[in-house]
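# just a sequence and a predicted model for now, questions to come.
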Amino acid sequence: MSGFFNIFIIPGGLLLIFMLLSLIRLILGPTVPDRIVALDTINTLVVAGMI
């Protein structure tokens, strides 16, 4: 893999990991506000991935 390819794969992988952690929080969150914050975090990460 080239260095240019790694520039996109590493941050993309990190965004995916953070989204999965937020998804777990969304499913298992003990309170409704926790779930709302997790959903908002996922939305923010999706927008960051588009940029």
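Yes, it's here. Because the structure is predicted, anything quoted here is derived from the model rather than measured.

# read off the pLDDT value for the residue sitting nearest the centre point of the chain.
Relative to the mean C-alpha position of the chain, the nearest C-alpha, by Cα atoms, centre = their mean, is the one of Met19, at 2.5 Å. pLDDT for Met19: 97.

# how about it: what's its closest non-neighbour residue?
Leu45 (5.1 Å; Cβ to Cβ, 6 or more residues apart in numbering). Heads up, the C-betas are built off the backbone N, CA and C, glycines and all.

# got it, and Asp34?
Arg25 is the one closest to Asp34 (Cβ to Cβ, 6+ apart), at 6.5 Å.

# my read: the one you found touches Ala38, true?
Yes: with contact defined as Cβ atoms under 8 Å, Arg25 reaches Ala38; the gap is 4.0 Å.

# what count of nearby residues applies to Ile9?
10 (other Cβ atoms under 10 Å).

# and it, how far from Leu16?
10 Å (Cβ to Cβ, to the nearest Å).

# with Ile36 instead?
22 Å.

# how about Ser22?
11 Å.

# compare neighbour counts for the two and give me the winner.
Neighbour tally, Ser22 and Leu16, criterion other Cβ under 10 Å: the higher count belongs to Ser22, 20 against 12.

# so the more buried one, which of the three states?
The three-state assignment at Ser22 reads helix, by DSSP: H, G, I helix; E, B strand; the rest coil.
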